[in-house]
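Novice: let's see this in three dimensions:
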Amino acid sequence: MDPLPPHYTLNHYETLGVEKSASADDIRRAYKAKALETHPDKLDPSASPEDKQAAEARFHQVHEAFEILRDVYKRRAYDIQQGFKPQYSPKWDGDISEEQRRRMEDRQQWAHKQREQFEERMRNLRARSAAEREEKRRMDQEAVEYRKMVERMLAELYKKNPEWAERREKLQRRGHANMRPSPSVSS
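Specialist: Numbering: from 1, shown residues only. As a prediction, the model looks like this:
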């Protein structure tokens, strides 16, 4: 591996050692060969830290080149950016392989299913929340009605037995904190 001047950067095709017209299979084969060739673990154990860093940088360049060139759309954008005349590919015109079409449909179905499940969970949560609010409202209403019923019964008892009301008032005067005020006696 010849060291390059620090200011010189290879384009991705030079990094992988392929022509601009290389097919996806050629790029994949070149990447595998370059990755094995440039992998930092291939260095001699006595290599200097600078050599190790340079090897890692080279390996990352190879990986980055592969990431760009393996994807048809990224490759086309890279070619345009670098001023290369992009190679024609029917995939750029919107044609996709059956495998890609199947994967896209699978992803869309999965996303649709996830969205439906999310919406179903949200509907269930809203329904449960509404039911809990209604139950709390009903229980609060029952508690108010029960309190009123108890107060009416006590008022009737105090009305029929005035001595109970007198005993209650005596207890209240003595300071029993537990005593509730006598309900108003209504006719």
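
Novice: so which bits of stretch 23-36 are buried?
Specialist: 27, 30-31, 34 (16 or more other C-beta atoms under 10 Å). C-beta: built from backbone N, CA, C; applies to glycine.

Novice: quick one: Arg128 from Glu134, how far?
Specialist: 11 Å (C-beta to C-beta, to the nearest Å).

Novice: okay, and the residue sitting furthest away from the middle of the chain sits in which element?
Specialist: Each residue of the chain has a distance to the centre, and by C-alpha atoms, centre = their mean the biggest one is for Glu163: 70.5 Å. Per DSSP states H and E: Glu163 is located in helix 162-174.

Novice: cool, and Ala155?
Specialist: Ala155 belongs to helix 98-160, assigned by DSSP H and E.

Novice: packing partners of that helix?
Specialist: Judged by 3 or more C-beta pairs under 8 Å, 6 or more residues apart in numbering; DSSP states H and E, helix 98-160 is in contact with helix 162-174.

Novice: so where's this structure shaky on pLDDT?
Specialist: 1-9, 85-96, 176-187 (pLDDT under 70).

Novice: how is it divided into domains?
Specialist: With automatic domain parsing as the criterion, the domains of the chain are listed as 12-97, 109-174.

Novice: and those domains, which is most packed in?
Specialist: Mean neighbour count (mean count of other C-beta atoms under 10 Å) peaks for domain 12-97 among the domains of the chain, with a mean of 14.

Novice: where does Asp25 sit: helix, strand or coil?
Specialist: Classification of Asp25 using DSSP: H, G, I helix; E, B strand; the rest coil returns helix.

Novice: report the separation between it and Glu156.
Specialist: Distance from Asp25 to Glu156, by C-beta to C-beta: 97 Å.

Novice: the nearest residue to Leu43 once chain neighbours are set aside: what's it in contact with?
Specialist: Leaving aside its sequence neighbours, Leu43 sits nearest to Ala55 (C-beta to C-beta, 6 or more residues apart in numbering; 5.4 Å). Contacts for Ala55 (C-beta atoms under 8 Å, 6 or more residues apart in numbering) come out as 38-40, 42-43, 47.

Novice: of all the residues you listed, which comes closest to Lys74?
Specialist: Checking those against Lys74 with C-beta to C-beta, the nearest one is Thr38 at 21.0 Å.

Novice: hang on, that closest one packs against Glu64?
Specialist: No. Using C-beta atoms under 8 Å, Thr38 makes no contact with Glu64, being 12.0 Å away.

Novice: who touches both of those two?
Specialist: Common neighbours of Thr38 and Glu64 (C-beta under 8 Å, 6+ apart) do not exist.

Novice: quick one: Leu10 and Ala165, what's the gap?
Specialist: 103 Å.

Novice: hmm, I typed the wrong one, I wanted Ala77.
Specialist: 92 Å.

Novice: over to Met149?
Specialist: 19 Å.
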